[in-house]
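Visitor: Generate coordinates for the sequence data below:
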Amino acid sequence: MFIEKFLQYIKYEKAYSSHTFISYQTDMEQFAAFVEQQKGRFDPPDITANDIRSWILSIMDEGVGARSVNRKLTTLRTFFKYMMREGVLTIDPTAKVKPPKMEKRLPVFLREEQAGSLFDDFNSVFPDSFEGKRDRLLLELLYNLGVRESELINMKDCDFDFDRNTVRVTGKRNKQRYVPFGDRLKKDILDYVNDRNTEFGQLDDGWLLVRKNGEQLYPVFVWRIVGKYISSVSTLSKRSPHVLRHTFATAMLNNGADIDAVKELLGHANLAATQVYTHTTFDRLRKIYKQAHPRA
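Guide: Residues are numbered from 1 along each chain as shown. Predicted coordinates:
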């Protein structure tokens, strides 16, 4: 009963996405099953911080990583806060539970020469068709603007100001930011829009990038395109749209951009999220070493 009400709350009142809802549902079912096995029933007022710690240890023993454990702990925190809101609890048992430490993972990115090879020779990488031109622009937008996959999908023609060479990007929680772009990208966008309008006419919805049926893109479609073309220039095992966002941020910082400016361009809420990109590529480290060390 408690879990069902909680799930209805996050689905309808909090309006969580279907993906997040399924994750929360799975987490709560796993936790409830553990508590029932240990205590005979699932009753929130009887659950203690030690019960939660025991569950965390049990799933880590099964091989669940720290990152996934922290996500599951977020689910429990949300659940117990809801229980307090409903008057079922007066104390949140998760308040005394410390999350496991996570190893910092460096972002996966393309080297600058790999990124350049995607776009420098159009004919050898992208087919000479509407789909080929769209695919090329899709990757260029990800690499030149550093946008997220969802931000790319939701871009419309009206978001672009070609007099100022800026684009209005709608990010998380509908927060908007303006990102500048260069004349080369401007020409590519205008050429593509001309081809798209020739192919489909004026589209009512106004989406910039569309499929061959004129409809809006969707996440799996974008992942498939990005993975296909990254595979042509790199052996990276990870080939998601976020790799090009990482590549954008890494290239900007490696070429002297101020970290606060990169934070604004990426749409990060705080500087800590941007600082992960302050790693330096090994090639650049080697170059700096040779220039700076007297015996290199």
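Visitor: Arg211: what's it in contact with?
Guide: 217, 221 (CB atoms under 8 Å, 6 or more residues apart in numbering). For the C-beta atoms, the positions are set from N, CA and C on the backbone; glycine is no exception.
Visitor: Please report phi then psi for it.
Guide: Main-chain torsions, Arg211, degrees, to the nearest 10: phi -80, psi 180.
Visitor: Phi, psi for the nearest residue to Asp183 once chain neighbours are set aside please.
Guide: Leaving aside its sequence neighbours, Asp183 sits nearest to Asn165 (CB to CB, 6 or more residues apart in numbering; 7.1 Å). When read as degrees, to the nearest 10, the backbone of Asn165 gives phi 60, psi 50.
Visitor: Which residue ranges of the stretch 51-200 of the chain form strands?
Guide: Assigned by DSSP state E, counting those that start in this stretch, the stretch 51-200 of the chain shows strands spanning 160-161, 166-170, 176-180.
Visitor: follow-up on the earlier one: cross-check the contact I'm expecting between the residue nearest to Asp183 and Pro180.
Guide: Yes: between Asn165 and Pro180 a contact is recorded at 5.8 Å, counting by CB atoms under 8 Å.
Visitor: Mean neighbour count, the strands of the stretch 51-200 of the chain: which tops it?
Guide: strand 166-170 (a mean of 18; mean count of other CB atoms under 10 Å).
Visitor: Centre of the chain to the strand or helix carrying Lys263, how far?
Guide: Secondary structure from DSSP states H and E places Lys263 in helix 259-266. Relative to its parent chain, helix 259-266 has a centroid offset of 16 Å by CA atoms, centre = their mean, to the nearest Å.
Visitor: what's the angle between it and strand 176-180?
Guide: Per axes from the mean of the first three to the mean of the last three CA atoms, to 10 degrees, the angle that helix 259-266 makes with strand 176-180 is 110 degrees.
Visitor: Now do the buried residues in helix 259-266.
Guide: Buried residues in helix 259-266, defined by neighbour count with 16 or more other CB atoms under 10 Å: 262-263, 265-266.
Visitor: C-terminal to it, which secondary structure element comes first?
Guide: Assigned by DSSP H and E, the successor of helix 259-266 is helix 271-275.
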